[in-house]
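A.B. asks: Curious how this folds, go ahead:
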Amino acid sequence: MGSAGVAPPGDRRITTSVVPGATNRGMGNLADDTRWMDATAQAGLVAEREVSATELADAAIERIEALDGAINAVVMRWFERGRADAAAIDAGEASTDRPFAGVPFLLKDLATHLTGTPLSNGNVALRDGQPISAHTTTLVERFVDAGLVTLGRTNSPELGSVPVTEPIAYGPTRNPFDTGRTPGGSSGGAAAAVAAGMVPIAHATDGGGSIRIPASCCGIVGLKPSQGRITSGPDRDESGLSVGLCVSRTVRDTARLLDAVHGPGIGDSVIAPPPARSYAAEVGADPGRLRIGMLDHHPQGIPVDDDCARAVVDTATWLETLGHTVEPAYPAVLGDPDVGRQFMTLWATNAAIGISGMGDMLERPLSEHEVEPVNWAMAQFASGASSVDHATALVAVMRFRRTLRRWWSDGWDLLLTPTLAQPPLPVGSLDPTPDDPLAGMRVAGTFSAFTPPYNLSGQPAISVPMHRTTAGLPIGVQLVADYGREDVLIRVAAQLEAAHPWAEHRPS
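C.D. replies: Numbering: from 1, shown residues only. Below you'll find the predicted structure:
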């Protein structure tokens, strides 16, 4: 894997030469040499006292300052706080209970609190008002307990409502592979920061594809865990569409972070079955001979770009080479157009609740001019729906979930699809028109048509970067497992990573 003389991402060797692909805008050797190391390797350097947590933090800060001007991924910078946290790790005893001790990290600017820091949800009024969180979200507590050193927040679209990252509050985040294109959304800032080599791993959330979409656009790994795998406490409900985890460069990083943060919290309403063993142990484990369904088109006739379809076909060939059986097959219910309508009913309700919640943070209601047009329009739509309309959507989703999951119960292990119907879109593709604030949502519905069904069903799904366009843009494929079977996804994703390495595909 990789060029001769260059340590692969899992290698912890520190060299005196610059890593190919790194920029040299005055960055020191440590900033260069650790730029493409994954989080596991960086944690190993700290654990073995080869490098201090403070040195890793300084190296990441140097990269953010050097690289982010053209990308706009990091919208809040807490460098001194991060340095203080790193110094505390250096002053303490090494602990196997902190698997990522000293690893630089970034939080997404959406729906997760860290005591004493601001959260804006990509909104102008919260950006200007700077409400400070008085508590820490349980998942963030687990990030801290794992030893991750948070250096700031990454850009997110307002309320995470669209699959690009272009909030009015901060401006667009740009794809490191082509700054004229989107890194996806809503975890676009996180994915761009990881893909550019600022940090090796970053927090991400997924309510309709928001981990998998930017992972595909930026050529990295994005796992949406099962509903109830990770607590949403204390502020949110596990029975909703969204779940949090990360984007990373390697499957092993995602697996190890899932080990560190999974499990229920106090009062959780949905709890996924516990894994049989650690997720890290699944990396490199033999998955056996799996039966995999292949879907290279959209069952509702939505156009799919040739590169996205080709990525699926090529990945099917890789999977067959690895010993799996791959057949053209998929759950028929994916062709039901009512699925998208019910998803949008719930999505609009989320927008209304989100706007109300932002008002609570500011201790006053938000006005129309303080909310982006797409979110205000969705909130107005939700406000016009009755409680019966919402209950009807929930019943429809329940029926969809049971019907969809039956396909896996009928003897299938995985479903292989495109992650996205198109390559990364040009920046501005989802801009609303003056007379139609929801115009961008229709573009979004086509672009991200393959991801929302598994938020509705609660199943785990992963995007891995198996293809690229002739222009070098990353193209991901999505693998979907039965509920609670992240272990199967990790085994197969690690197989593909070993057979078809993607680590050397980096932005120039």
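
A.B. asks: for residue 144, what are its contacts?
C.D. replies: 136, 150 (C-beta atoms under 8 Å, 6 or more residues apart in numbering). Glycine gets a C-beta too; all of them are placed from N, C-alpha and C.

A.B. asks: Quick check: it is in a strand.
C.D. replies: No - going by DSSP: H, G, I helix; E, B strand; the rest coil, the assignment for residue 144 is helix, not a strand.

A.B. asks: That one and residue 116: what is the separation?
C.D. replies: According to C-beta to C-beta, to the nearest Å, residue 144 and residue 116 sit 12 Å apart.

A.B. asks: contacting residues for residue 220?
C.D. replies: 191, 194-195, 247-249, 465, 474.

A.B. asks: Look at residue 213 and give its secondary structure.
C.D. replies: Residue 213 ends up helix, using three-state DSSP.

A.B. asks: Give me the neighbour count for it.
C.D. replies: Residues lying near residue 213 (other C-beta atoms under 10 Å) number 35.

A.B. asks: likewise the one 4 residues further on?
C.D. replies: Applying the criterion other C-beta under 10 Å, we find 37 residues in the vicinity of residue 217.

A.B. asks: State the number of residues packed around residue 408.
C.D. replies: Residue 408 has 20 nearby residues by other C-beta under 10 Å.

A.B. asks: before we move on, what about residue 364?
C.D. replies: Quick note: residue 364 (other C-beta under 10 Å) scores 10 neighbours.

A.B. asks: Go ahead and confirm residue 211 touches residue 247.
C.D. replies: Yes - under the criterion of C-beta atoms under 8 Å, residue 211 makes contact with residue 247 at 6.3 Å.

A.B. asks: which residues are common contacts for these two?
C.D. replies: With C-beta under 8 Å, 6+ apart as the test, residue 211 and residue 247 both reach 187, 204, 222.

A.B. asks: okay, those in JSON lines with secondary structure and pLDDT next?
C.D. replies: Converted to JSON lines, these look like this (DSSP: H, G, I helix; E, B strand; the rest coil; pLDDT from 0 to 100):
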{"residue": "187", "secondary structure": "coil", "pLDDT": "98"}
{"residue": "204", "secondary structure": "strand", "pLDDT": "98"}
{"residue": "222", "secondary structure": "strand", "pLDDT": "99"}
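
A.B. asks: Could you export those residues as CSV, including distance to residue 388 and neighbour count?
C.D. replies: Below are those laid out as CSV (distance: C-beta to C-beta, whole Å; neighbours: other C-beta atoms under 10 Å):
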residue, distance to residue 388, neighbour count
187, 34, 38
204, 35, 32
222, 36, 35
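
A.B. asks: Show me which of those is closest to residue 435.
C.D. replies: residue 187 (30.5 Å; C-beta to C-beta).

A.B. asks: doesn't residue 477 fall inside a strand?
C.D. replies: Yes - applying three-state DSSP, one finds residue 477 inside a strand.

A.B. asks: My read is that it contacts residue 416, right?
C.D. replies: Yes - applying C-beta under 8 Å as the test, residue 477 and residue 416 come out as touching, 6.3 Å apart.
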